[in-house]
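**Q** Pasting the sequence and the predicted coordinates here, then a few questions.
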Amino acid sequence: MRIYVDADACPVKDEIYRVAERHQWPVSVVAGNFIRIPEHPSIERIAAGAGMDAADNWIAERAGKGDIVITADIPLAARCVKNGADVIAPNGKPFSEESIGMTLAMRNLMTDLRASGEVTGGPRGFSPRDRSAFLSALDTAIRRIQRAQTGF
């Protein structure tokens, strides 16, 4: 049981650290290069390398059933869901086997539309409501996994 954080652009790292400490879960903070983390024995920093998708590959190779992955990267989410991990976006949206196919298809469509000039702009800004939804989703995922591990 571990939380993997796709850390390069994650706006909820501090929240992850607090929840993980409360539940006594280890955290792997994975980035392409150096990233600051708190000094804590259960939080490890992983500099996966500057190569294309190095951090994503590092996470996808390790995350599986009983783990939680925090990422906004849809292709990484798809890989981790396939491996059995619980995956949550920083805005609290959970990715599941049922939802990931449509989410990936929509991401690819929007990428194509942006490339053709049809769509401009990006996603809406991160809000306090997103932070609250994330905290709730993370706590729910941890409790569900703990219940499954103990059989209760």
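**A** Done, it's in.
**Q** Look up phi and psi at the most centrally placed residue in the chain.
**A** The geometric centre of the chain, computed from its C-alpha atoms, lies nearest to residue 70 (Cα atoms, centre = their mean), at 1.5 Å. For residue 70, the backbone dihedrals (degrees, to the nearest 10) come out as phi -110, psi 120.
**Q** How about it, nearest residue that isn't a chain neighbour?
**A** Nearest residue to residue 70, sequence neighbours excluded (Cβ to Cβ, 6 or more residues apart in numbering): residue 5, at 4.8 Å. All C-beta spots, glycine's among them, are computed from the backbone N, C-alpha and C.
**Q** Checking that neighbour next. Helix, strand or coil?
**A** When classified by DSSP: H, G, I helix; E, B strand; the rest coil, residue 5 comes out as strand.
**Q** Counting neighbours, what do you get for it?
**A** Residues lying near residue 5 (other Cβ atoms under 10 Å) number 27.
**Q** so what's it bridging to?
**A** Assessed by DSSP bridges, residue 5 has beta-bridge partners residue 29, residue 70.
**Q** State the distance from it to residue 150.
**A** Here the criterion is Cβ to Cβ, to the nearest Å. By it, residue 5 lies 25 Å from residue 150.
**Q** Likewise for residue 83?
**A** Taken as Cβ to Cβ, the span from residue 83 to residue 150 is 22 Å.
**Q** Comparing those two, which residue is more hemmed in?
**A** Counting neighbours by other Cβ under 10 Å for residue 83 and for residue 150 shows that residue 83 has the greater number, 17 against 7.
**Q** Next up, the contacts around the more buried one.
**A** 60, 63-65 (Cβ atoms under 8 Å, 6 or more residues apart in numbering).
**Q** Give me the buried entries from the residues you listed.
**A** The neighbour-count test (16 or more other Cβ atoms under 10 Å) applied to the contacts of residue 83 identifies 60, 63 as buried.
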